[in-house]
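Student: got a predicted model here, sequence first, then my questions.
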Amino acid sequence: MEKIKIGIVGIGNCASSLLQGIEYYRNKDSKEAIGLMHWDIGGYKPYGIEVVAAFDIDKRKVGKDVSEAIFELPNCTTVFCDNVPKANVKVRMGKILDGFSNHMKDYDDKYTFVLSDEKEASKEDVINVLKESGADILLNYPPVGSGEGTRFYAECALDAGVAFINNMPIFIASDPEWADRFKEKGIPIIGDDIKAQLGATITHRTLADLFKKRGVKLERTYQLNTGGNTDFLNMLDRSRLASKKTSKTEAVQAVLNEKLDAENIHIGPSDWVAWQKDNKVCFIRMEGKLFGGVPMNLELRLSVEDSPNSAGVVIDAIRCCKLALERGKGGILYSPSAYFMKHPPKQFTDDEAYHLTEDFIKGRRDD
C-alpha cells in the first residue's frame with residue numbers, strides 16, 4: 001500500500017519523536033507495537049508514513065534535510081532512533097507571525113529559537129509546496145500561543161485541499177466556523193490539542209472519572225507541570241496560555257458529574273526548568289469526600305518524556321485521517337478527535353471515545 005504523505009509545521013521535539021518513531025517501528029512487528037492503538041489501521045503500518053513537506057523558522061533547521069533538522073537545537077528530546085534516513089525533503093522557511101515570543105530573545109540560543117533571515121513564506125508559497133509535494137495531511141506543531149500561525153496554516157490546508165491535524169491548543173476543529181469551512185470543502189480535520197499516550201491530562205481525566213464512578217465527591221484539584229523544553233520556555237509568557245489552560249481544564253471538567261467552580265480547579269504549566277529538557281514532571285492533587293462526608297486526598301507525581309509520549313497518538317491520528325480521505329469523509333472526525341485530542345468539538349469519556357474510534361476504524365461509524 002502506498003505511504004501516507006504528510007507535511008509538518010514546526011520541526012521541534014514533537015516532530016523529532018514522530019520521525020524517529022516512524023523509523024523505529026520499521027523493523028518491529030505487531031508484538032512490539034508499544035504506544036499505538038493498533039499495529040495496522042486500514043492497511044497502514046506505523047512506518048507507512050512519509051514526510052514530503054516541512055516548515056520551520058529556526059535558521060539551524062531551515063534549508064536542512066528534515067532528517068537532520070529534527071536533531072538540531074533547541075530540540076532536546078530523547079534520541080531513541082538515531083538512524084533516521086535522509087528524506088530528501090528540505091525544511092522550508094515558514095511564516096513567523098506569533099510563532100515567536102519576544103521574551104525568548106533573553107535566553108541562550110541552545111534553549112530558544114534563532115530566527116532565520118530567509119524570506120518568510122507567503123500563503124501561496126505554502127499552498128504550492130503542499131500541492132506539489134502531494135501531501136495528504138498537514139500536521140500543525142507551532143509553539144503554544146501561535147493563534148495567528150495556526151489559522152494561517154489551516155487556511156493553507158483548506159486552499160491546498162489537504163487534511164489538517166491540529167495538535168496545538170488553538171481552537172480550529174472545535175470552532176464551529178472553521179469546522180463548517182472544512183466540511184464545506186470536504187476536507188477532514190482532527191483537533192484540537194493532542195493528548196499524550198499517558199500524560200498529565202489523560203491521567204487526571206482517568207482519576208476524575210474514577211472518583212465519579214466510585215461515588216467520591218471531588219471538591220478541588222490542581223495539576224502543576226514543569227519541563228525544560230522550548231515549549232515550557234515559550235509558556236513563561238502567560239499571555240500565550242489562555243487556550244492551553246482552557247483546553248486542559250475542560251478536558252478534566254468534561255468527565256465530572258458537576259463542573260467545579262473556577263476557584264477550585266487549577267490546571268496548567270507552572271515553570272520552565274532548563275535541566276529537565278524534554279522531561280515533564282506533573283503534580284496532581286485531588287481533594288474530596290468519601291462515604292459519610294469523610295475527607296480524603298490524593299497526590300500523584302508523574303514523570304514522562306513529553307514528546308515521545310504523544311508521537312504514537314499522532315501516528316494513530318494520521319492513519320485515521322487517511323481512512324477518512326479514502327472514504328471521502330470531510331469535516332470534523334468526531335470520534336478520533338475525542339480520543340486523540342484534549343479539546344475536541346464533542347467530549348466523551350475516554351472509554352466511550354475509544355469504542356467510537358474503534359467503530360470508525362472498522363467502518364461501522366461514518367462520524
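Tutor: Received it, and whenever you're ready, just let me know what you need.
Student: next up, the contacts around the closest residue to Ile187 other than its chain neighbours.
Tutor: With CB to CB, 6 or more residues apart in numbering as the criterion, Ile187 has its nearest non-adjacent residue at 5.2 Å, and that residue is Gly330. All C-beta atoms are positioned from the backbone trio N, CA, C, and that covers glycine. Residues near Gly330 by CB atoms under 8 Å, 6 or more residues apart in numbering: Phe182, Lys183, Lys185, Gly186, Ile187, Pro188, Ala324.
Student: and with 7 Å instead?
Tutor: Residues near Gly330 by CB atoms under 7 Å, 6 or more residues apart in numbering: Phe182, Lys183, Lys185, Gly186, Ile187, Pro188.
Student: most neighbours out of those residues, which is it?
Tutor: Tallying neighbours with other CB atoms under 10 Å puts Pro188 at the head of the contacts of Gly330, with 28 neighbours.
Student: endpoint to endpoint, stretch 60-78 covers what distance?
Tutor: Stretch 60-78 has an end-to-end distance of 19 Å (CA to CA, to the nearest Å).
Student: swap in stretch 207-218?
Tutor: Start-to-end, stretch 207-218 (CA to CA) is 10 Å.
Student: what residues does that stretch touch?
Tutor: Residues from elsewhere that reach stretch 207-218 (CB under 7 Å, 6+ apart): Val252, Val255, Leu256, Asn257, Met286, Gly288, Lys289, Leu290, Leu298, Thr349.
Student: for burial, what's the neighbour tally of Ser239?
Tutor: Applying other CB under 10 Å, we find 9 other residues in the vicinity of Ser239.
Student: the one 5 residues further on too?
Tutor: Residues contacting Lys244 under the criterion other CB under 10 Å number 22.
Student: before we move on, the earlier item: out of the contacts of Gly330, who's nearest Asn27?
Tutor: Using CB to CB, Pro188 comes nearest to Asn27 of the contacts of Gly330, at 30.4 Å.
Student: got phi/psi on the closest one?
Tutor: Torsion angles at Pro188 (phi, psi; degrees, to the nearest 10) stand at phi -70, psi 150.
Student: just checking, it touches Leu333?
Tutor: Yes: with contact defined as CB atoms under 7 Å, Pro188 reaches Leu333; the gap is 5.6 Å.
Student: shared neighbours of these two, anything?
Tutor: Residues touching both Pro188 and Leu333 by CB under 7 Å, 6+ apart: Cys321, Ala324.
Student: pull out the buried residues from stretch 324-344.
Tutor: Across stretch 324-344, burial judged by 16 or more other CB atoms under 10 Å covers 324-325, 329-344.
Student: oh sorry, the question was meant for stretch 106-113
Tutor: In terms of neighbour count (16+ other CB under 10 Å), stretch 106-113 has its buried residues at Tyr107, Tyr111, Thr112, Phe113.
Student: again with stretch 112-120
Tutor: By neighbour count on 16+ other CB under 10 Å, the buried set for stretch 112-120 is Thr112, Phe113, Val114, Leu115, Ser116.
Student: in the chain, spot the helix with the most residues.
Tutor: Counting residues, the longest helix found in the chain (DSSP state H) is helix 308-327.
Student: tell me how far the helix or strand following that helix is from the chain's mean position?
Tutor: Later in the chain than helix 308-327, the nearest helix or strand by DSSP states H and E is strand 331-332. Relative to the centre of its chain, strand 331-332 is centred 17 Å away, using CA atoms, centre = their mean, to the nearest Å.
Student: could I get the full set of strands for the stretch 201-350 of the chain?
Tutor: According to DSSP state E, counting those that start in this stretch, the stretch 201-350 of the chain carries its strands in the segments 217-227, 265-272, 279-289, 295-305, 331-332.
Student: the third one pairs with which strands?
Tutor: Strand 279-289 has these partner strands in its sheet, going by DSSP bridges: strand 217-227 (antiparallel), strand 295-305 (antiparallel).
Student: now do the strands in the stretch 51-200 of the chain.
Tutor: Using DSSP E, counting those that start in this stretch, strands in the stretch 51-200 of the chain cover 92-93, 137-140, 163-166, 188-190.
Student: what's the closest of these to Val79?
Tutor: Closest among those, using CB to CB: strand 137-140, at 20.4 Å.
Student: can I get the closest one in PDB? Just the C-alpha atoms.
Tutor: Extracted C-alpha coordinates of strand 137-140, given in PDB (Å, rounded to 0.1, in the frame of the first residue of the first chain):
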ATOM      1  CA  ILE A 137      -2.300  15.700   5.600                       C
ATOM      2  CA  LEU A 138      -0.700  18.700   7.300                       C
ATOM      3  CA  LEU A 139       0.300  18.400  10.900                       C
ATOM      4  CA  ASN A 140       0.300  21.600  13.000                       C
END
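Student: looking at this protein, name the residue that lies furthest from the middle.
Tutor: In terms of distance from the mean C-alpha position of the chain, Gly292 ranks first, at 41.6 Å (CA atoms, centre = their mean).
Student: ok now the one helix or strand in the chain whose mean pLDDT sits lowest, how far from the chain's centre?
Tutor: When the helices and strands of the chain are scored by mean pLDDT, DSSP states H and E, strand 265-272 comes last with a mean of 92. Relative to its chain's centre, strand 265-272 lies at 18 Å (CA atoms, centre = their mean).
Student: may I see the buried residues of that strand?
Tutor: Buried residues in strand 265-272, counted by 16+ other CB under 10 Å: Ile265, His266, Ile267, Gly268, Pro269, Ser270, Trp272.
Student: what does stretch 308-326 give?
Tutor: For stretch 308-326, by 16+ other CB under 10 Å, it's 308-325.
Student: repeat for stretch 228-248
Tutor: Going by neighbour count (16+ other CB under 10 Å), the buried part of stretch 228-248 is 228-236, 240-241, 243-248.
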